[in-house]
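>>> What follows is a protein structure lacking sequence information:
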Ligand code: PTJ
């Protein structure tokens, strides 16, 4: 179906199209479409813009990834089809591999996603699992021994709840991109960027480029981040925005 570019919700409709095409190409799962809908609802509460709180988290997350010895960018069926080029660009900026890690894992899906990322310009893509994360029952436990298994900082985005806790128990740091500030991923990550993934990723890459000349000490200072406080701020932002909207809502009176 052709979406007219002048449609007021063109960008959002195009994202849905990308996910539907990703499903047809065997990369996104149907559950991923449901997950995206939940994200859209939270994005409404944010006003579909990167907030100053998200910008602060992006800066801290970028510094944490730059300080890593072995950073890894985890990719699932949603992020692979929503923003493959941006994932590839961030991988190059950080000199980090992309690793396909799936909740609804099949080898065929993982292989297709890896191919898609490579054709979008990703240089290092890991998708074969030859190791397991302890303390995790889901298929996400299956990882690459040279990627997530050996990593010290992992970027996760648009993801279900139990992996961040398992990665943390192994002593890894987690930077998460998640529109739901109440999700387990958001609550357990070291730095949670409450923003839409296609908006947040280019900003994250830009931050990495802009901080190239900083010393490790300066990056450490920036990476020191109170995630709980930032999440509280996001909830307050959403609540205040809703109150403001309730005062001006045309149906009021
Ligand atoms: O591809 P797979 O097999 O790894 O499966 C991927 C899904 C997304 C199906 C799986 O991880 C899942 O079920 O995730 P959840 O539990 O629905 O959680 C997804 C989280 O991402 C929710 O908190 C959503 O609000 C959030 N989210 C959805 N779309 C976006 C988003 N966050 C940022 N940007 C988005 N576009």
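Ah, there it is. No experiment lies behind these values; they were computed from the predicted model shown.

>>> Confirm residue 27 sits in a helix?
No: Residue 27 sits outside any helix when classified using DSSP: H, G, I helix; E, B strand; the rest coil, being coil.

>>> Now the residue in the stretch 51-200 of the chain positioned nearest to the ligand. Nearest residue, chain neighbours left out?
Residue of the stretch 51-200 of the chain nearest the ligand, by CB to the nearest ligand atom: residue 77 (2.9 Å). Quick note: C-beta positions are derived from backbone N, CA and C, even for glycine. Leaving aside its chain neighbours, residue 77 sits nearest to residue 28 (4.2 Å; criterion: CB to CB, 6 or more residues apart in numbering).

>>> list the contacts for that neighbour?
19, 22, 77, 78, 80, 81 (CB atoms under 8 Å, 6 or more residues apart in numbering).

>>> Among the residues you listed, the buried ones, what's the PyMOL command?
Restricted to buried positions by 16 or more other CB atoms under 10 Å, the PyMOL selection for the contacts of residue 28 reads:
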select buried, resi 19+22+77+78+80+81
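
>>> ok, which pair from the contacts of residue 28 is furthest apart?
Using CB to CB, the contacts of residue 28 span at most 10.3 Å, a distance reached by 19 and 80.

>>> What about residue 16, how many residues nearby?
Around residue 16 there are 15 other residues, counting by other CB atoms under 10 Å.

>>> for residue 1, same thing?
5.

>>> now do residue 214
14.

>>> distance of it from residue 227?
In this view, residue 214 and residue 227 are 21 Å apart by CB to CB, to the nearest Å.

>>> do the same with residue 173
From residue 173 over to residue 227 the distance is 11 Å, taken as CB to CB.

>>> which neighbours do the two share?
In contact with both residue 173 and residue 227: residue 190, using CB under 8 Å, 6+ apart.

>>> that's a helix at residue 154, yeah?
No: Residue 154 is assigned strand when assessed by three-state DSSP, not a helix.

>>> pLDDT score assigned to the one residue in the stretch 1-150 of the chain that gets nearest to the ligand?
Per CB to the nearest ligand atom, the residue of the stretch 1-150 of the chain with the smallest distance to the ligand is residue 39, at 2.4 Å. pLDDT recorded at residue 39 is 97.

>>> Next, count neighbours for it.
Around residue 39 there are 18 residues (other CB under 10 Å).

>>> who in the stretch 101-250 of the chain is up against the ligand?
Residues of the stretch 101-250 of the chain found near the ligand (CB under 6 Å from any ligand atom) are 102-104, 158-160, 177-180, 183, 196-197.

>>> For these, give me JSON lines that also has neighbour count and distance to residue 130.
Shown next, in JSON lines, are those (neighbours: other CB atoms under 10 Å; distance: CB to CB, whole Å):
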{"residue": "102", "neighbour count": "24", "distance to residue 130": "15"}
{"residue": "103", "neighbour count": "17", "distance to residue 130": "19"}
{"residue": "104", "neighbour count": "16", "distance to residue 130": "20"}
{"residue": "158", "neighbour count": "23", "distance to residue 130": "25"}
{"residue": "159", "neighbour count": "25", "distance to residue 130": "21"}
{"residue": "160", "neighbour count": "17", "distance to residue 130": "23"}
{"residue": "177", "neighbour count": "29", "distance to residue 130": "27"}
{"residue": "178", "neighbour count": "26", "distance to residue 130": "28"}
{"residue": "179", "neighbour count": "26", "distance to residue 130": "32"}
{"residue": "180", "neighbour count": "20", "distance to residue 130": "32"}
{"residue": "183", "neighbour count": "20", "distance to residue 130": "29"}
{"residue": "196", "neighbour count": "26", "distance to residue 130": "33"}
{"residue": "197", "neighbour count": "22", "distance to residue 130": "28"}
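
>>> Distance to residue 90, pLDDT and secondary structure for the residues you listed - can I get that in CSV?
Below are those laid out as CSV (distance: CB to CB, whole Å; pLDDT from 0 to 100; DSSP: H, G, I helix; E, B strand; the rest coil):
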residue, distance to residue 90, pLDDT, secondary structure
102, 19, 98, coil
103, 21, 97, coil
104, 24, 97, coil
158, 15, 97, coil
159, 16, 93, coil
160, 22, 88, coil
177, 11, 98, strand
178, 17, 98, coil
179, 18, 98, coil
180, 22, 98, coil
183, 22, 97, coil
196, 15, 98, coil
197, 11, 98, helix
